[in-house]
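Visitor: When you get a sec, could you give me coordinates for this:
(chains A and B)
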Amino acid sequence: MIHLSLEPNLYLARTMTKEVWRGKIISIMNNVEDHESAESQLQKIKLIFDHMPYLAWLKDKNGKYITVNRSFEERYDVKSTEVVGKTIFDFCDENLAIECAKADTLAIQSKMPQRFDQLAQKKTGGTRWLDIYVAPIIDDQGEVIGTMGTSRKITKRKRLEIELTNQKKFLQTMIDTIPDLIFYKDVNSVFLGGNKAFVQKLFGVDEEEIIGKSDLDFVKDIELANYYREKDQEMFQANVTTVNEEKITMVDGCTNDFETLKTPFYDQKGNIAGLIGISRNISVRKKMEQQLKEQKEYAQLLLRIVPSGIFSIDNEGKITSWNERAAMITGYDETEAIGQTYCQIIHTTEDDRCGLFAEHDITPLTNIISSIKTKQGHERKILKKIALIKNELGALNGIIQCFDDITERQQAEEKLRASEEKFRQLAENIHEIFIIRDHEKILYVSPAYEKMVGQSSQRLLENYYSVFQVIYPDDRERVMNCLRSDGQNMDKYTSEEFRVIHPCGKILWVWFRSYPIPDISGSAKQKAISIVDITDRKHIEEQLLKREQFTQQELNLAARIQQESLPLPFKGRKVKVNSIFKPYQTVSGDLINYKWFEKQQKLRGYVVDVSGHGVSTALQTATVKMLLDNKLLSGKEIEEEDFQYINRRMVQYLAEESFAALLYFEFDFQTMILTVVTGGINLFFVAKPEECALVPVFSCYLGLLDCPDVQTFKMPFQSGEIYGMMSDGVSDLMEFRGLCKKENFSEYETWLEELAQSPERRDDFSVICIEILLENKETRIFHIQNDKELEYAQVGISEFIESHAPSCAGFLEVAVNEALNNGFRAGGRVAVKARKIGNQLIFRVKDNGPGFSTEKINTQLKKTMEDEEFDAEFDEILLAEGGRGILIMKMFCDRLIYNQKGNEVLLMKKI
Amino acid sequence: MNHSIKVSGNHVKAFLKGKVYSQDASIFRDELLEHIEQGVTEISIDLSELTYIDSTGLGVLITIHKRTKEKNGKIVITGAQGMVEQLFKRTRLDRVLIME
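Guide: Next up, the predicted model:
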């Protein structure tokens, strides 16, 4: 079986089937010995070959021709019979022959057809392009037995192809050279290609890599990719070229503004086949646009805020801009001015050739003063500047004019001139020396200098430091330093007093003062100096100083007396007292005192605050103190009537319009009750372990009314508490700065000391600090088992009762001893516990005896008995030698309780 | 307690000063009973300087009162004042004893 690896060309396909064609060829090859038959077959093939419009041949496997067609014969001007046994080298130029021989060899070796284009030399000169096709002929054993070939002239097509290729290359080169991003997409937004700028700068890939892909494959931001796609589709739907601005991030990470233009392209049928996109980087343009916008805004802002009138006019003399200040000066607002010629708005009052407006051909003007008339007809002086606006070619494009209203300034300058003249007149006629100097020299000296100092003004003008010669020697160095410093610091005020010696020998005190004179910029380049004769004032001051020193000595003495009159700190078993006494001005209008009454177990004291400060107040306070010591610290109980008495006396003692505030306190350690009576001092301080507070007690000042409202306040107190009895100078500061809880008495004292140093303090500061040390609890225990201990216990119990309940001591002692006697007799050993808790005395008497039945007696003891009932009970045992003890106990105690066993009894008595 | 007893025939004049506690009262009782045993029937007790007495002391006075009464004698209390006088009254003994 022979296989023909021919791909039948179009022509062969039209003339016979592949199988027929192959059969004929094989037949020729297999029957070469059957000459006639083969010749017949060959003729038939040739006939077919002859109908081919291009060259065709049949070769054996050695490359020798078997037959060729008519076109071949005509091309090479040979008969087909003449070509048999020849090779291609016999007909073609050498290059073509070599290439064809190579193709034969390759077709035979590979058993595959070969096709190539080849440039051939024409016999007549010139060249032509040939499309050469060579196919192996394979027999049934798979061996190649020959080749069949065709050659078509394709010179025209080839040239077109080359031209097309060149055009493509040109186009691609051109597109790749364009810096804009160029891309092509199909209707599904799939990339068909793009220029180098697009694929490399945007995606960092080669063009092949984007083909068939979309934005979604490259743009990381999915929303952005979808945005591109939406824009594509909008363009497709609109079927017009679209332009939009978008931000595109390049492969190097830079994001730039791009203007993207998308245009549809169409297929042969006129349908949209895709789009061509061109993106141009407009970042620089955008930046310039932004800068332009900002500059415009800046110019607008400047125009609005500058304190000068500014307007611009164009070449025709029409106003194109007009700021608010220009409107304020001229009276014409912006709407009236814009579009008008300048001479309609600005009316000059003189022959002002330049006017506010400059002719186009003149040079810019600066600082020209002229007059204008406002819309209201007022004349204003203006200072103007004119600037020319020129275009790139230097041609005048308009004018900007800037002007300031200097009417008031000119008026002020006129006034200044008048003032200076007035000053000169004044300076030359007053007794003070008046000097004006700058950094280096004296500019002016008033005539008074010669009179006061005895030197000529001219000498001072020539040498400022000549004044040192007349300065008193002791003051000279100080004044020299001062005047040098004054000259070096032109912006500082200087004041110095010193003495000068007049040529007549008289010593004068003078007061030198220098004042900086600021110029328009605010810096001082000149100084005004005034020198006044203060000799008389100095003498008076010296006298005053001596008097002040004397007064101060008196005050200090008074203050020392006040301090020495203060009570000493006190510390007893139950209470600790300290005081803080800080006069506001050397001596105080406050005074304090306190006293411990041991027998009464009471602390009494007072704080008095006489209105005003100073010596007179201190003297009044001292007088009041004597009254208060006598009345309040005599040991008697104090009532409001005592305050009324004190008030009546104060009315006599105190100067007119003076008054006093008074606070009296009494800590009763028997009842543990604090009594505070006030007249004008309305607050005292209480610090408990858990809190501290000011306690108000409202009342009236003393010394003003015949019968002021006095208040009495009572409250229980206990150990651990701290009290502050104080003048309003303390309580005001406490209220202003707030209370501050402290841990102990010492810390409160420190806090009060700090409070006294407050910058807000405006009054005398006096406070008595009281710490309650011992609770009103006292316990004594007696153990008795013999007569001696019994005697000791009886004495101890007597003392205990006497100290705590002196008013009922006798009967209570009898009651307790009744219990003690009973126990001692019953058991021989007795324990007595005597306690004072608050205002109650409690005695517990227990013996070691057998006790007795107490049920009946406890029932009786619970009953409250009247005197008659006691009488009846005692009457029943009138002649009995014993049995009165329990009745006496009940009679003299508030409560009496036996335990069940009867060997222990509790006696309670309120005191 | 500070006490003194002056005997004159069948008459005894006793002085009690300060405080008479139970143990003092017993001593005082024993001394007076001895004098009664020896024939004293008239007893006068001066309490003008006495500041304290309790039921034991009062009981002693009742004992003496009863014993002298048995001897047809009598006891007279003089000078009681203050708490002592009050105690006599509150215990109703002023109704039994002769108080002067």
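
Visitor: what are the ranges of the helices in chain B?
Guide: Using DSSP state H, the helices of chain B run over B:22-37, B:55-70, B:82-90.

Visitor: Pick the most buried one from those helices.
Guide: helix B:55-70 (a mean of 21; mean count of other Cβ atoms under 10 Å in any protein chain shown). C-beta here means a position set from N, CA and C on the backbone, and glycine is covered the same way.

Visitor: Which elements pack onto that helix?
Guide: The contact analysis (3 or more Cβ pairs under 8 Å, 6 or more residues apart in numbering or on different chains; DSSP states H and E) places helix B:55-70 against helix A:809-827, helix B:22-37, strand B:42-53, strand B:74-78.

Visitor: Contact partners for A:Ser80?
Guide: Shown in contact with A:Ser80 (Cβ atoms under 8 Å, 6 or more residues apart in numbering or on different chains): A:46, A:67-70, A:72-73.

Visitor: Report the separation between it and A:Ala107.
Guide: For A:Ser80, the distance to A:Ala107 equals 22 Å [Cβ to Cβ, to the nearest Å].

Visitor: which parts of chain B sit against chain A?
Guide: With Cβ under 8 Å from any Cβ of the partner chain as the criterion, chain B meets chain A at residues B:19, B:21-23, B:51-56, B:58-60, B:62-63, B:65-66, B:82-83, B:86-87, B:90-93, B:95-96.

Visitor: Residue 41: neighbour count?
Guide: No chain was given, so I picked chain A. By other Cβ atoms under 10 Å in any protein chain shown, 20 other residues sit near A:Gln41.

Visitor: please go with chain B instead
Guide: 19.

Visitor: Longest helix in chain A, by number of residues?
Guide: Counting residues, the longest helix found in chain A (DSSP H) is helix A:535-564.

Visitor: Next secondary structure after that one?
Guide: Reading on from helix A:535-564 to the C-terminus, the next helix or strand found by DSSP states H and E is strand A:570-571.

Visitor: Show me how far stretch A:201-213 is from its chain's centre.
Guide: The chain centre lies 50 Å from the centre of stretch A:201-213; the measure is Cα atoms, centre = their mean, to the nearest Å.

Visitor: Now do that stretch: everything it contacts.
Guide: The contact list for stretch A:201-213, computed with Cβ under 8 Å, 6+ apart, reads A:181, A:183, A:190-196, A:199-200, A:217-218, A:248, A:250-252.

Visitor: circling back to that earlier point, list just the nearest of the contacts of A:Ser80 to A:Asn271.
Guide: Nearest to A:Asn271 among the contacts of A:Ser80, counting by Cβ to Cβ, is A:Asn69 at 45.3 Å.

Visitor: what's the closest non-adjacent residue to the closest one?
Guide: Once flanking residues are discounted, A:Asn69 sits nearest to A:Phe49: 3.3 Å by Cβ to Cβ, 6 or more residues apart in numbering or on different chains.

Visitor: Tell me the confidence at the residue positioned nearest the centre of chain B?
Guide: Centroid check for chain B by Cα atoms, centre = their mean gives B:Leu61 as the closest residue, at 4.5 Å. pLDDT recorded at B:Leu61 is 94.

Visitor: That one contacts B:Thr68, doesn't it?
Guide: No - B:Leu61 lies out of contact with B:Thr68 (Cβ atoms under 8 Å); the separation is 10.6 Å.

Visitor: shared neighbours, those two?
Guide: With Cβ under 8 Å, 6+ apart as the test, B:Leu61 and B:Thr68 both reach B:Ile75.

Visitor: I'd say B:Gln23 and A:Lys788 touch.
Guide: No - using Cβ under 8 Å as the test, B:Gln23 is too far from A:Lys788 to be in contact (10.1 Å).

Visitor: okay, now the residue in the stretch 201-350 of chain A that chain B sits nearest to: neighbour count?
Guide: Relative to chain B, the nearest point of the stretch 201-350 of chain A is A:Ile305 (104.8 Å; Cβ to the nearest Cβ). Residue neighbour count, defined by other Cβ under 10 Å, stands at 10 for A:Ile305.

Visitor: Equivalent analysis for A:Asp206, please.
Guide: Neighbourhood size, A:Asp206 [other Cβ under 10 Å]: 11.

Visitor: repeat for A:Ile319
Guide: A:Ile319 is flanked by 24 other residues according to other Cβ under 10 Å.

Visitor: Could you list the low-confidence segments of the chain?
Guide: In the absence of a named chain, chain A is used. For chain A, applying pLDDT under 70 flags the ranges A:1-38, A:348-365, A:427, A:775-777.

Visitor: looking at chain B here, not the other one
Guide: Within chain B, the stretches with pLDDT under 70 are B:1.

Visitor: again, only using 90
Guide: Residues of chain B that meet the criterion pLDDT under 90 lie in B:1-3, B:9, B:100.

Visitor: Right, and chain A sits closest to which residue of it?
Guide: For chain B, Cβ to the nearest Cβ, closest residue to chain A: B:Met83, 3.4 Å.

Visitor: could you dump stretch A:648-665 to PDB, C-alpha only?
Guide: Extracted C-alpha coordinates of stretch A:648-665, given in PDB (Å, rounded to 0.1, in the frame of the first residue of the first chain):
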ATOM      1  CA  ARG A 648     -24.200  96.300 126.500                       C
ATOM      2  CA  ARG A 649     -20.600  96.800 127.700                       C
ATOM      3  CA  MET A 650     -19.200  96.600 124.200                       C
ATOM      4  CA  VAL A 651     -21.500  99.300 123.100                       C
ATOM      5  CA  GLN A 652     -19.700 101.500 125.600                       C
ATOM      6  CA  TYR A 653     -16.200 100.200 124.800                       C
ATOM      7  CA  LEU A 654     -16.100 100.100 121.100                       C
ATOM      8  CA  ALA A 655     -15.700 103.200 118.900                       C
ATOM      9  CA  GLU A 656     -18.600 104.400 116.900                       C
ATOM     10  CA  GLU A 657     -19.300 102.100 113.900                       C
ATOM     11  CA  SER A 658     -17.100  99.400 115.400                       C
ATOM     12  CA  PHE A 659     -18.600  96.100 116.300                       C
ATOM     13  CA  ALA A 660     -17.500  92.700 117.400                       C
ATOM     14  CA  ALA A 661     -18.200  89.000 116.800                       C
ATOM     15  CA  LEU A 662     -17.900  86.600 119.700                       C
ATOM     16  CA  LEU A 663     -18.000  82.800 120.100                       C
ATOM     17  CA  TYR A 664     -18.000  81.100 123.500                       C
ATOM     18  CA  PHE A 665     -17.500  77.400 123.800                       C
END
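
Visitor: Run through the strands of the stretch 251-400 of chain A in chain order.
Guide: A:255-266, A:272-281, A:309-313, A:319-322, A:347-348, A:365-373, A:379-390, A:396-405 (DSSP state E, counting those that start in this stretch).

Visitor: what comes up buried for the fourth one?
Guide: Neighbour counts using 16 or more other Cβ atoms under 10 Å in any protein chain shown place A:319, A:321-322 of strand A:319-322 among the buried residues.
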